[in-house]
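> below is the sequence, then the predicted model.
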Amino acid sequence: ILVIFIIYPLSKVILNSFLVMGETTSIENLTLANFTQFFSSSLYKSAFLNTLVVGFSCVFFSCLIGIPMAYFVARTEVPFKVVFLTLGTVPLILPPFVGAYSWILLFGREGVVNYFLDTIFGFSLPDIYGAPGIVIAMTMSLYPFVFLLTYGSLLSADPYIEESASIMGASRWQAIRTITLPLVIPSIVAGALIVFIRAVGNYGVPAILGGNFYVLPTLIHFQVVGFYNLHTAGAIALVNVALVGIAIFLSQYFTAKRSFVTISGTTQEARISHNKILKWVGVIFCAGVIFFSLLPHLTVILTSFTEGWAGTRYPTKFSLENYRQIFNIARTPIINSLFLATSSTIIAAIVGTLLAYISVRKRFLGKWILDLTVMLPFILPGIVVGVAILIGFSSGYIILIGTWMIMVVGYFIRRMPYIFRSTVASLTQIDVAVEEASTISGAPWITTFRKVTLPLMAPGVVAGSVICFSTLMGELSTTIILYSAQWKTITVAIIEYLFS
């Protein structure tokens with residue numbers, strides 16, 4: 001399964017990227033022509049640089065927001081901590097491209113905020129389109145990765161080290177700068193890496209807010225939809241993968257140079273600051289971030305009850321008509337999304353569970369290859385996975401292009417790592433002696449697995465499946481490459497309505 005649906009498509013992407021469209025596959029026809037465009041074409045060079053700008057800017061501002069917010073919630077007496085933690089995860093639920101349209105309604109040229117600022121104060125904010133809007137929309141959607149990972153690390157860090165710094169005469173700021181932050185660097189780097197991968201692989205936000213500001217994902221879509229040039233699209237995808245690979249290497253190199261051990265044999269609960277000024281600064285900062293990041297969600301809710309807003313400065317009429325019409329205008333996309341997400345989740349649950357069992361319970365050489373292969377589609381940007389599946393199954397022995405099956409394949413390999421990882425975590429907590437007792441009692445392996453192992457690891461399988469299904473319902477980057485007119489999903493329908 002892994003060879004057919006992961007290794008084979010990715011290998012075809014690599015091969016096709018060294019061939020010019022229309023040429024047959026042979027050693028004589030291998031060329032770097034598709035890659036030389038990054039040196040000769042101003043469009044390609046600008047898209048490459050724009051992708052780097054967006055990726056690094058999102059990382060910078062996500063850290064600028066997420067790290068202080070994590071410190072305030074974990075280490076100060078700010079009230080409503082549970083509320084901040086709960087609402088801090090909400091931006092991950094709404095697909096970023098939906099939030100991007102909300103930013104236009106609020107801060108666009110004819111947006112509500114700009115209108116009132118111009119009316120009352122006589123000035124307006126800079127244009128939301130282009131790099132600023134893309135970075136703002138993505139940062140407000142992705143900062144929770146840095147926030148949540150850093151928060152968890154701050155809670156588990158041993159406070160004895162910080163107390164020792166205080167005893168030696170270090171001020172609070174010196175302790176934070178020289179002790180606290182360096183100790184949570186692995187979590188910060190992990191969150192920043194996720195933000196970078198998601199940012200450089202995002203298609204929806206640049207498509208809505210980009211205008212003439214092209215990035216690699218929009219360039220890939222342009223090549224596939226505009227020219228159906230899978231060879232050039234594959235080359236661009238490889239460049240995108242190279243950026244991700246370099247980011248992963250740098251993150252591993254940076255964190256491997258020093259030790260970050262903070263949990264020893266004896267530890268205690270993290271020390272909480274009782275500084276009142278820090279407390280209220282934290283409240284204002286966290287509340288401001290939460291409010292600003294939830295503005296798109298609130299706007300989406302408000303918009304759903306309006307009959308006229310797009311093209312006007314503010315809503316002109318409220319009703320439930322949108323909800324009454326939704327199944328008339330989007331019945332097929334909704335049914336398609338439910339069918340594709342459900343089918344893919346079921347397949348991912350079955351395959352992911354079996355692979356997790358093999359990875360944990362069986363001993364064989366090259367186990368790391370299995371783990372790496374399963375996790376590869378998760379590491380790669382979604383649009384790259386879509387290109388790989390399209391190239392792999394548009395010709396050859398298995399042709400799935402234009403069918404629902406090619407979307408299920410893309411969804412399944414894209415989200416299976418969620419179930420694989422959660423099931424591995426559950427299995428590592430189950431003592432192998434439980435299974436051995438069943439085997440000694442005479443039960444065959446399949447009976448032991450069905451009646452003993454599977455029920456015990458069911459919570460991990462269910463948790464991974466819920467995440468898999470919920471994220472697939474909002475999947476766009478892979479869908480935009482693989483869908484056909486007959487199998488249009490709700491995310492594609494939303495994009496079409498936004499552009500219309």
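Perfect, I can see it now. Since we're looking at a predicted model, the values are computed, not measured.
> how much space separates I4 from S11?
11 Å (C-beta to C-beta, to the nearest Å). Where you see a C-beta, it was placed from the backbone N, CA and C, and this is true even at glycine.
> what's the neighbour count on F123?
A total of 8 residues lie near F123 under the criterion other C-beta atoms under 10 Å.
> now V205
29.
> you'd agree it is up against A100?
Yes: look at V205 against A100 with C-beta atoms under 8 Å: they come within range, at 4.6 Å.
> give me the common contacts of these two.
The contact sets of V205 and A100 overlap at 134, 137 (C-beta atoms under 8 Å, 6 or more residues apart in numbering).
> which strand or helix spans the residue nearest the centre of the chain?
Closest to where the C-alpha atoms of the chain average out (C-alpha atoms, centre = their mean) is R198, at 4.6 Å. Secondary structure from DSSP states H and E places R198 in helix 185-200.
> show me what that helix packs onto, helices and strands only.
helix 42-75, helix 131-156, helix 230-256 (3 or more C-beta pairs under 8 Å, 6 or more residues apart in numbering; DSSP states H and E).
> out of those helices, the one nearest P459 is which?
Of all the helices and strands packed on helix 185-200, helix 131-156 sits nearest to P459, with 19.8 Å by C-beta to C-beta.
> what residue ranges in the chain are flagged as low confidence?
Counting by pLDDT under 70, the chain has low-confidence residues at 156-180, 256-271, 273, 308-314, 500.
> can you tell me how far I220 sits from L209?
For I220 relative to L209 (C-beta to C-beta), the value is 17 Å.
> neighbour count: those two, which is higher?
I220 (29 against 26).
> chain center to the one helix or strand the more buried one maps to: distance?
Assigned by DSSP H and E, I220 falls within helix 216-221. When C-alpha coordinates are averaged (C-alpha atoms, centre = their mean, to the nearest Å), helix 216-221 and its chain have centres 17 Å apart.
> and if you look at stretch 17-37?
Distance, centroid of stretch 17-37 to centroid of chain: 32 Å (C-alpha atoms, centre = their mean).
> how about that stretch: buried residues?
Within stretch 17-37, the residues that qualify as buried are 17-19, 33-35, counting by 16 or more other C-beta atoms under 10 Å.
> same check on stretch 233-242?
Here stretch 233-242 shows 233-241 as buried, counting by 16+ other C-beta under 10 Å.
> of all pairs in the buried residues of stretch 17-37, which one is the farthest apart?
L19 and F35 (11.7 Å).
> overlap in contacts of these two?
Joint contacts of L19 and F35 (C-beta under 8 Å, 6+ apart) do not exist.
> rewinding a little: would you put the C-alpha positions of the helix holding I220 in CSV?
C-alpha atoms of helix 216-221 as CSV (Å, rounded to 0.1, in the frame of the first residue of the first chain):
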residue,chain,number,x,y,z
LEU,A,216,4.8,28.5,-5.3
PRO,A,217,1.4,26.9,-4.5
THR,A,218,-0.5,29.3,-6.7
LEU,A,219,2.1,28.8,-9.4
ILE,A,220,1.6,25.0,-9.2
HIS,A,221,-2.2,25.5,-9.5
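> now for that helix, which elements pack on it?
Using 3+ C-beta pairs under 8 Å, 6+ apart, helix 216-221 sits against helix 42-75, helix 204-209, helix 230-256, helix 382-392, helix 479-482.
> pick the most buried one from these.
Of those, the one with the most neighbours on average (mean count of other C-beta atoms under 10 Å) is helix 382-392, at a mean of 29.
> thinking again about what came up before, for the helices and strands packed on helix 185-200, give me a markdown table that also has distance to R450.
Formatted as a markdown table, the helices and strands packed on helix 185-200 follow (distance: least, C-beta to C-beta, whole Å):
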| stretch | distance to R450 |
| --- | --- |
| helix 42-75 | 42 |
| helix 131-156 | 35 |
| helix 230-256 | 38 |
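> figure out which of those helices is closest to L105.
helix 131-156 (12.2 Å).
> sorry, back to before: so which of the buried residues of stretch 17-37 belong to strands?
Assigned to strands by DSSP state E, none of the buried residues of stretch 17-37 qualify.
> right, and M138 touches P96 too?
Yes: using C-beta under 8 Å, M138 makes contact with P96 at a distance of 6.0 Å.
> mind checking how far T403 is from S484?
Taking C-beta to C-beta, one finds T403 at 8 Å from S484.
> of the two, who's got more company?
Under the criterion of other C-beta under 10 Å, the comparison of T403 against S484 puts T403 first, with 15 against 12.
> any idea how far G382 is from the more buried one?
On the measure of C-beta to C-beta, T403 and G382 end up 20 Å apart.
> swap in F18?
In terms of C-beta to C-beta, F18 sits 23 Å off from G382.
> test my guess that L390 contacts I406.
Yes: with contact defined as C-beta under 8 Å, L390 counts as touching I406 (7.4 Å).
> need the overlap of contacts for those two.
Joint contacts of L390 and I406 (C-beta under 8 Å, 6+ apart) are L482.
> show me the helices in the stretch 301-450 of the chain, by range?
321-329, 331-361, 367-379, 382-392, 404-428, 432-440, 445-448 (DSSP state H, counting those that start in this stretch).
> and of these, who's closest to S57?
helix 382-392 (19.5 Å).
> got the angle between that closest one and helix 185-200?
60 degrees (axes from the mean of the first three to the mean of the last three C-alpha atoms, to 10 degrees).
> now do helix 382-392: everything it contacts.
Helix 382-392 is contacted from outside by 5, 8-10, 12-13, 16, 201, 203, 217, 220-221, 224, 230, 233-234, 237, 240-241, 377, 380, 398, 401, 406, 409-410, 413-414, 475-482, using C-beta under 8 Å, 6+ apart.
> one more time with 6 Å
8-10, 12-13, 16, 201, 203, 217, 220, 230, 233, 237, 240-241, 377, 409-410, 414, 477-478, 481-482 (C-beta atoms under 6 Å, 6 or more residues apart in numbering).
> could you do stretch 283-291 as well?
Counting by C-beta under 6 Å, 6+ apart, 65, 69, 72, 78, 84, 87 sit against stretch 283-291.
> change it to 8 Å
65, 68-69, 72-73, 78-80, 84, 87-88, 143.
> if we take these, which one ends up nearest to L117?
Distances from L117 to the contacts of stretch 283-291, taken by C-beta to C-beta, are shortest for I65, at 22.9 Å.
> you'd agree that closest one is up against T139?
Yes: the pair I65 / T139 is scored as a contact, 7.0 Å apart, by C-beta under 8 Å.
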